[in-house]
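Colleague: Structure of the sequence below:
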Amino acid sequence: MNNLIDISRSVKSPEYPFEFSICTLVTRKDEYSEMLATFINKGFSTENCEFLYIDNSEGCTFDAYKGLNQFLRQSNGKYIIICHQDVLIHKDDFDALKSRLNQLDHIDPKWAVCGNAGAAGPNHIVYHITYPNGPLNSKGKFPLAVNTLDENFLLVKNEASLSLSSDLTGFHLYGTELCLQASIKGYSAYVIDFDLTHKSRGNPDKDFYKTRNALIKKYNHFFRSRWLQTNITVFHLSGSLIGRLMGNPISLFFVRMYNGFKKKTS
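Modeller: Now for the predicted structure:
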């Protein structure tokens, strides 16, 4: 049969026609044009990069979660940059970013996403960013492994095949969700010292808290303690010590007895 293919004989490292895919949700085209000019001026040319955007200037074509999934699926770059339209590449350039990524590859080949601001834990916020008419704001020793990343500038390794959840919506906390998805898949996230200008500091409005609540609800449910039964074995998952104690073999005996009693009485 011609359609029987042994792919083990053809598996090879992916090849990408571009070094970077630079992806942006656009609501103000003039600001996006200004952003593009600074990228090109710093060596991110159309020869080594592709520039993808979603036009939300006349209405919401895609929210961030749906739109970024389009970027993550369709990008042809080795690295996918997802950035706000109000960032300006004012100092560090193409070669500087490549140097930071090479450093990450050396330190941790399992990294999948990085950015210029995030948090490594409670009260441990780190950043390397400039705001208009101000000096560089830098806090942390970079590169630094983090749990969350700010959305103004994100960089995703295409080979990691990350995506965002289909049951979350809005324009906030997708950097956090990318970090969670990377961690679930066995990858890590970092803040790097790549300096750019971000023209705004963010505004946690009511939509921010709506997305925050939805994300908390989703992952509280996902990380819940639970029994898993397969055709061959049964086991208990829990992130807490109490949950793991509840899932020991003695507890399993009582669970089986209870389920057996329910079957007999139903």
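
Colleague: just checking, what packs against the helix or strand hosting I216?
Modeller: Using DSSP states H and E, I216 maps to helix 206-222. In terms of contacts (3 or more CB pairs under 8 Å, 6 or more residues apart in numbering; DSSP states H and E), helix 206-222 is packed against helix 174-184. All C-beta spots, glycine's among them, are computed from the backbone N, C-alpha and C.

Colleague: and after the helix it packs on, which helix or strand comes next?
Modeller: strand 188-191.

Colleague: Buried by neighbour count: which residues of the strand ranked longest in the chain qualify?
Modeller: The longest strand of the chain (DSSP state E) is strand 18-26. Within strand 18-26, the residues that count as buried by 16 or more other CB atoms under 10 Å are 18-26.

Colleague: swap in stretch 65-83?
Modeller: Applying a neighbour-count criterion of 16+ other CB under 10 Å, one finds 65, 67-69, 71-72, 75, 77-83 buried in stretch 65-83.

Colleague: Let me see the mean pLDDT of it.
Modeller: Computed over stretch 65-83, the mean pLDDT rounds to 98.

Colleague: re earlier: which member of the buried residues of strand 18-26 is positioned nearest N123?
Modeller: L25 (30.5 Å; CB to CB).

Colleague: Relative to L173, how far out is the residue lying closest to A182 once chain neighbours are set aside?
Modeller: Leaving aside its chain neighbours, A182 sits nearest to A112 (4.3 Å; criterion: CB to CB, 6 or more residues apart in numbering). Plainly put, A112 is 18 Å away from L173 if you go by CB to CB, to the nearest Å.

Colleague: mind listing the helices for this structure?
Modeller: With helices called from DSSP state H, the chain shows them at 29-41, 64-74, 94-107, 174-184, 206-222, 241-246, 249-265.

Colleague: Provide a list of residues in contact with the nearest residue to K91 once chain neighbours are set aside.
Modeller: Take K91 and drop its neighbours on the chain: the residue closest to it by CB to CB, 6+ apart is D195, 4.7 Å away. Residues counted as contacts of D195 (CB atoms under 8 Å, 6 or more residues apart in numbering) are 90-92, 116, 128-130, 136.

Colleague: The residue nearest in space to the middle of the chain and N116, how far apart?
Modeller: In the chain, the C-alpha nearest the mean C-alpha coordinate belongs to L178, at 2.1 Å (CA atoms, centre = their mean). Distance of L178 to N116, computed by CB to CB: 14 Å.

Colleague: quick one on the thing from earlier: what angle separates the helix holding I216 from helix 174-184?
Modeller: If you take axes from the mean of the first three to the mean of the last three CA atoms, to 10 degrees, helix 206-222 sits at 20 degrees to helix 174-184.

Colleague: Buried ones in helix 206-222, by neighbour count?
Modeller: Buried residues in helix 206-222, counting neighbours by 16+ other CB under 10 Å, are found at 211, 214-215.

Colleague: model confidence over stretch 243-255, on average?
Modeller: 67.

Colleague: Stretch 230-240 now?
Modeller: 85.

Colleague: so where's the stretch 151-266 of the chain uncertain?
Modeller: 244-264, 266 (pLDDT under 70).

Colleague: again, only this time at 90
Modeller: Residues of the stretch 151-266 of the chain meeting the criterion pLDDT under 90: 201-204, 225-230, 233-266.

Colleague: can you list the domains in this protein?
Modeller: Taking automatic domain parsing as the domain assignment, the ranges for the chain are 14-220, 226-265.

Colleague: Need the nearest residue in space to K199, chain neighbours excluded.
Modeller: D86 (4.0 Å).

Colleague: and the one you found, what does it touch?
Modeller: 31, 35, 198-200.
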